[in-house]
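Q: Below: sequence and its predicted model.
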Amino acid sequence: MTTELIIGDRKIPVRFISSDQKAIPRLLTVLESSQLKQSMPSCPPIQEIDHIEVIGNNAVLYDSKARSSVQLPLY
């Protein structure tokens, strides 16, 4: 399944399977957290996230600029 998160002026596509749908609100909370950059310095800025995949209790953030991905624990 696919949905879009709106963070600021960005719409970021998020892919997940139906059983992982419950993690979407937590993903939004984590991404909007001002402490995200401090706790995960390797996390790309919101402006550079191309898309996200939610897999279980983790989110994989795909960085369009660096052509890399970062796994982000949600819980």
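A: On my side now, so go ahead.
Q: Strands of the chain, start to end?
A: Secondary structure of the chain (DSSP state E): strands at 2-7, 10-15, 49-55, 58-63, 68-73.
Q: For Ala23, grab the count of nearby residues.
A: 20 (other Cβ atoms under 10 Å). Glycine gets a C-beta too; all of them are placed from N, C-alpha and C.
Q: Relative to Arg67, how far out is it?
A: 25 Å (Cβ to Cβ, to the nearest Å).
Q: ok so, going back, wait, which of the strands of the chain is closest to Glu32?
A: Across the strands of the chain, Glu32 has its closest neighbour in strand 2-7 (6.4 Å, Cβ to Cβ).
Q: So which other helices or strands are in contact with the closest one?
A: Packing partners of strand 2-7 (3 or more Cβ pairs under 8 Å, 6 or more residues apart in numbering; DSSP states H and E): strand 10-15, helix 24-32.
Q: Make a markdown table from those and add distance to Val60, mean pLDDT and mean neighbour count to it.
A: Formatted as a markdown table, those follow (distance: least, Cβ to Cβ, whole Å; pLDDT from 0 to 100; neighbours: other Cβ atoms under 10 Å):
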| stretch | distance to Val60 | mean pLDDT | mean neighbour count |
| --- | --- | --- | --- |
| strand 10-15 | 9 | 94 | 15 |
| helix 24-32 | 11 | 89 | 15 |
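Q: Tell me which of these sits nearest to Met1.
A: strand 10-15 (7.2 Å).
Q: how far off helix 24-32 does the closest one point, in degrees?
A: 140 degrees (axes from the mean of the first three to the mean of the last three Cα atoms, to 10 degrees).
Q: where does this structure have its least confident helix or strand?
A: helix 36-39 (a mean of 62; mean pLDDT, DSSP states H and E).
Q: which residues touch stretch 43-63?
A: Stretch 43-63 is touched from outside by 5, 7-8, 10, 12-16, 20, 23-24, 27, 30-31, 36-37, 64-66, 68-75, with contacts defined as Cβ atoms under 8 Å, 6 or more residues apart in numbering.
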